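I'll drop the sequence and a predicted model, then ask my questions.
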Amino acid sequence: MSKDKLHFLSKTADILTREIDTSELARELKTLLNDFAGLNNLNIFVYDTVTNTMRDCVNSWSIVEDDSEVYKFFENIKGYDFVINSKAYKLPAVISDITLKITSLCMPIVKNEKDFGIIELNFEENTSVNMEFLFLMKIFASQVSLKLQNIVLNEQSKINVEFHDSMKNIAKIIETQYELNYIVPIIGEMLDRFITDHLIYVFLKQDGDFSLVWPKACKDERIYEVLNQLTPETDYILTNNDKIGAFPLISEDGEITGCIVARSTLDVLSKRDISYLEQLTRQSAITINRANSYSKILQYATIDALTNLNNRRQFELRLGQEIATTKRQNNPLCAMMIDIDFFKKVNDTYGHASGDAVLRGVASIIKSALRESDIPSRYGGEEFAVLLPYTHIEEAQIVGERLRKAVESSPIPINDENSDIKSISVTISMGLAEFNNKETGEELFERADKALYEAKESGRNRVCLNKSI
């Protein structure tokens, strides 16, 4: 073998021993082959036995369309060494002097003596190759096959790790949260990040009908048709050529409490996706069932489990009491609505454990900045409500600014052994309103909420007042 061919194999080995993804691998191999043999293009395709589709390794492992010639090449190459210019060949036992005009060359990617993909090379016009070059390409294909086996195995291992992390994280949610309107979007986001090729929808059954809880909209009427076909005995339903899957959430007493739907306009749900979704749905159902049970237990409690502030039920009770006292004694009373700015970004960037730490930290700052007579509560999610008895709105504004600055200047410590982040800085937006004898407590807080909306719309990290009556 000539020195230039040995040099080529050595360079190939150098590329294949590095930790690079398939896109970079293809680019480097293409450059090497172009210098060696005048190559125009190089593609790598792996056959996915789960979905029965070819995956384009160079372009983010996307599915190759059914009518692509790649499938024909993959079928034709079985039992052969090459497909040259669309015709299959086996190498002879010995190297001969035969020369071939070549425009395209496909080589099998082999694992355990079985083809599991192809390497496609496209050459410049009027390129001629001899038998020695084809023998060299067979060695080259064998080297690349070993590399791709490791890449595919690592990708599958990564998916399995992400799956078990998702299962664990869904199970952990219930440790600190029990409000369905808070935990269901979290579950939806986790599923959406894991099942990346499909859109995820989470429905809960309310008053006998399925109600979309996450995301905000679903315009595909076929999904609602599938939901109406579900029974407690249903494992799952596939429709639209297996591109829509509905997985019911079942309560401990065997009733349907909701459904998780996966939908795609391109990819079918593979057996692997279905298996993962079945397990994730069961874990989600357990978490949601526990949340329902906890909610029933905690409806008579007064303290929010995560923040140690009054919970919403206790807040509404105290609101009625303070309104009655204010009307009777004609004392001033102010309402304060608080929202943590960009809280969803905190969860998405640092994880929900860090998000919980931020909620606890902000709650602690709120409590420390208020008087003994003030009534702070966790209103829901990242919102807090505060009653300020014996306080006019000008005084409440001073309190609000002091609280806003305290949060802004106090990084929240993150004591999470799984996180490299030691602290997170956040800001809050706030709306204030003063009670008048012509309104109810609910109307008072509606005005405070409008002021909060104004604070968020005008830039966040500010206090806005609602003085309308």
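Done, it's in. Numbers count the residues shown, from 1 in each chain.

Do a quick rundown of the strands in the stretch 51-200 of the chain.
In chain order, the stretch 51-200 of the chain shows strands spanning 53-56, 62-63, 82-84, 87-89, 99-111, 114-130, 199-206, with DSSP state E, counting those that start in this stretch as the criterion.

partner strands of the second one, parallel or antiparallel?
Partner strands for strand 62-63, per DSSP bridges, with pairing direction: strand 53-56 (antiparallel).

CA atoms of the partner strand as CSV?
Coordinates of each C-alpha in strand 53-56 appear next as CSV, following Å, rounded to 0.1, in the frame of the first residue of the first chain:
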residue,chain,number,x,y,z
THR,A,53,-36.8,4.9,9.2
MET,A,54,-33.4,6.2,8.0
ARG,A,55,-31.9,8.9,10.2
ASP,A,56,-29.6,11.6,8.7
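
Residues contacting it, please?
Under the contact criterion C-beta atoms under 8 Å, 6 or more residues apart in numbering, strand 53-56 has outside partners 43-48, 61-64, 68, 70-71, 74, 117. Using the backbone N, CA and C atoms, a C-beta is placed for each residue, glycine as well.

Just the buried ones from those residues?
Burial of the contacts of strand 53-56 was assessed by neighbour count (16 or more other C-beta atoms under 10 Å); the buried members are 43-48, 61, 63-64, 70-71, 74, 117.

What is the nearest of the residues you listed to residue 396?
Nearest to residue 396 among these, counting by C-beta to C-beta, is residue 61 at 56.1 Å.

so how far is residue 395 from the closest residue in space to that closest one that isn't next to it in sequence?
Beyond its immediate neighbours in the sequence, the residue positioned closest to residue 61 (C-beta to C-beta, 6 or more residues apart in numbering) is residue 55, lying 4.7 Å away. Taking C-beta to C-beta, to the nearest Å as the measure, residue 55 falls 65 Å from residue 395.

Geometric centre of this protein: which residue is closest?
What sits nearest the mean C-alpha location of the chain, by C-alpha atoms, centre = their mean, is residue 193, with 2.0 Å.

show me the contacts for it.
Taking C-beta under 8 Å, 6+ apart as the contact definition, residue 193 lies against residue 166.

Quick one: the helices in the stretch 1-150 of the chain, in order.
3-16, 22-37, 69-76, 131-173 (DSSP state H, counting those that start in this stretch).

And for the stretch 351-469 of the chain?
Assigned helices in the stretch 351-469 of the chain, in chain order: 352-369, 393-408, 441-457 (criterion: DSSP H, counting those that start in this stretch).

can I get the ones you listed in CSV with mean neighbour count, mean pLDDT and distance to residue 39?
Supplementary listing: the helices of the stretch 351-469 of the chain in CSV, determined by neighbours: other C-beta atoms under 10 Å; pLDDT from 0 to 100; distance: least, C-beta to C-beta, whole Å:
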stretch, mean neighbour count, mean pLDDT, distance to residue 39
helix 352-369, 20, 92, 48
helix 393-408, 17, 95, 58
helix 441-457, 19, 94, 56
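
Which of these sits closest to residue 168?
Closest of those to residue 168 is helix 352-369, at 11.4 Å (criterion: C-beta to C-beta).

and stretch 141-160, which residues are buried?
141, 144-145, 147-149, 151-152, 155.

Would you mind measuring from the residue lying farthest from the centre of the chain to residue 256?
In the chain, the greatest distance from the average C-alpha position (C-alpha atoms, centre = their mean) is reached by residue 97, at 56.9 Å. To residue 256, residue 97 is 73 Å away according to C-beta to C-beta.

Am I right that residue 288 is in contact with residue 256?
No - Residue 288 is beyond contact range of residue 256, at 11.7 Å (criterion: C-beta atoms under 8 Å).

Common neighbours of those two, please.
Between them, residue 288 and residue 256 have residue 249 as joint contacts when contacts are counted by C-beta under 8 Å, 6+ apart.

Could you check which of the two has the larger neighbour count?
Here residue 288 and residue 256 are compared on neighbour count by other C-beta atoms under 10 Å; more neighbours surround residue 288, at 23 against 18.

Work out for me the element that one sits within.
Taking DSSP states H and E as the definition, residue 288 sits inside helix 271-298.

mind putting the helices of the stretch 1-150 of the chain in JSON lines, mean pLDDT included?
Written out in JSON lines, the entries for the helices of the stretch 1-150 of the chain read as follows (pLDDT from 0 to 100):
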{"stretch": "helix 3-16", "mean pLDDT": "84"}
{"stretch": "helix 22-37", "mean pLDDT": "85"}
{"stretch": "helix 69-76", "mean pLDDT": "87"}
{"stretch": "helix 131-173", "mean pLDDT": "78"}
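
how about a markdown table for these, with distance to residue 267 added?
Putting the helices of the stretch 1-150 of the chain into a markdown table (distance: least, C-beta to C-beta, whole Å) gives the following:
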| stretch | distance to residue 267 |
| --- | --- |
| helix 3-16 | 30 |
| helix 22-37 | 19 |
| helix 69-76 | 16 |
| helix 131-173 | 15 |
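
Indicate which one of the ones you listed is closest to residue 201.
Ranking the helices of the stretch 1-150 of the chain by proximity to residue 201 (C-beta to C-beta) places helix 131-173 first, at 16.4 Å.

Could you check how far that closest one is from the centre of its chain?
If you compare the mean C-alpha spot of helix 131-173 with that of the full chain, they lie 22 Å apart, counting by C-alpha atoms, centre = their mean, to the nearest Å.

quick thing: my sequence starts at 9, can you match it?
All right, first residue 9 from here; so that's helix 139-181.

tilt between that helix and strand 122-138?
Angular relation of helix 139-181 and strand 122-138 on a 0 to 180 degree scale: 150 degrees, by axes from the mean of the first three to the mean of the last three C-alpha atoms, to 10 degrees.

dump the residue contacts of residue 150.
Residue 150 makes contact with residue 118 under the criterion C-beta under 8 Å, 6+ apart.

From residue 35, how far off is it?
For residue 150, the distance to residue 35 equals 21 Å [C-beta to C-beta].

swap in residue 412?
Residue 412 sits 51 Å away from residue 35, taking C-beta to C-beta as the criterion.

rewinding a little: the helices of the stretch 359-477 of the chain into JSON lines, with extra columns for distance to residue 270?
JSON lines is the format used below for those (distance: least, C-beta to C-beta, whole Å):
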{"stretch": "helix 360-377", "distance to residue 270": "22"}
{"stretch": "helix 401-416", "distance to residue 270": "39"}
{"stretch": "helix 449-465", "distance to residue 270": "33"}
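
Residue 331 is nearest to which of those helices?
Between those, helix 449-465 lies closest to residue 331; by C-beta to C-beta that is 4.5 Å.

Residue 92 is in contact with residue 145, correct?
No - under the criterion of C-beta under 8 Å, residue 145 lies out of contact with residue 92, with a separation of 10.2 Å.

what residues are shared contacts of the two?
residue 113.

Low-confidence stretches in this structure?
By pLDDT under 70, the weakly predicted segments of the chain are 9-10, 58-59, 163-169, 182-186, 305-308, 425-427, 477.
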